[in-house]
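**Q** fold the following for me, if possible:
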Amino acid sequence: MFKEFKAFIAKGNVIDLAVAVIIAGAFGAIVSSLTDDIIMPVIGAIFGGADFSSYFILLSTPEGYDGSLTDYAALKEAGAAMIGYGAFVTAIINFVILAFIIFLLVRYAKKVMAELEEKKAAAAPAGPTEIELLTEIRDALKK
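**A** Below you'll find the model as predicted:
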């Protein structure tokens, strides 16, 4: 079993996948920053709020909570029951941005791979066709 696992790990696809996961994690942080620090403040300004990700509907407060009822972070830390629709919208925007960028990357990769295949096909020496080979065999047999 250890040999099979070692062979599995040694395959190039597994290493490529590990690199992709690490890069995707870093890229996800960039997209989150883009969404949280650039896009959502603009959307919040358009809709009249400074921080769209802090929009919520308060369902109930925990016993003994005497803080602000409009402070999303404090209420969340206190364990208040609330629907954080602003954070949900922010997460959806993050997903859409990531999905679009991944789509563009995959589309570009397919285009590059197709061009490489075309170059390989053009560079490969054209051998005789099946009919030409059969003609040569026939002529050799006649002789």
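**Q** in the helix ranked longest in the chain, what's buried?
**A** Across the chain, the longest stretch assigned as helix under DSSP state H is helix 85-123. Neighbour counts over helix 85-123 (16 or more other C-beta atoms under 10 Å) mark 86-87, 89-90, 93-94, 97-98 as buried. (C-beta placed from N, C-alpha, C; glycine too.)
**Q** ok, so of those, who is nearest Ile131?
**A** Nearest to Ile131, judged by C-beta to C-beta, of these is Leu98 at 52.5 Å.
**Q** find the nearest non-adjacent residue to the closest one, please.
**A** The shortest distance from Leu98 to any non-neighbouring residue, by C-beta to C-beta, 6 or more residues apart in numbering, is to Val31 (5.3 Å).
**Q** next one: the one you found relative to Phe95, how far apart?
**A** According to C-beta to C-beta, to the nearest Å, Val31 stands 9 Å off from Phe95.
**Q** circling back: thinking the residue nearest to Leu98 is in contact with Val96, fair?
**A** No - the criterion here is C-beta atoms under 8 Å, and Val31 misses it with Val96 at 9.8 Å.
**Q** show me where the chain has its strands.
**A** 57-60, 81-83 (DSSP state E).
**Q** most tightly packed of those?
**A** strand 81-83 (a mean of 13; mean count of other C-beta atoms under 10 Å).
**Q** quick one: mean pLDDT for that one?
**A** For strand 81-83, the mean pLDDT works out to 91.
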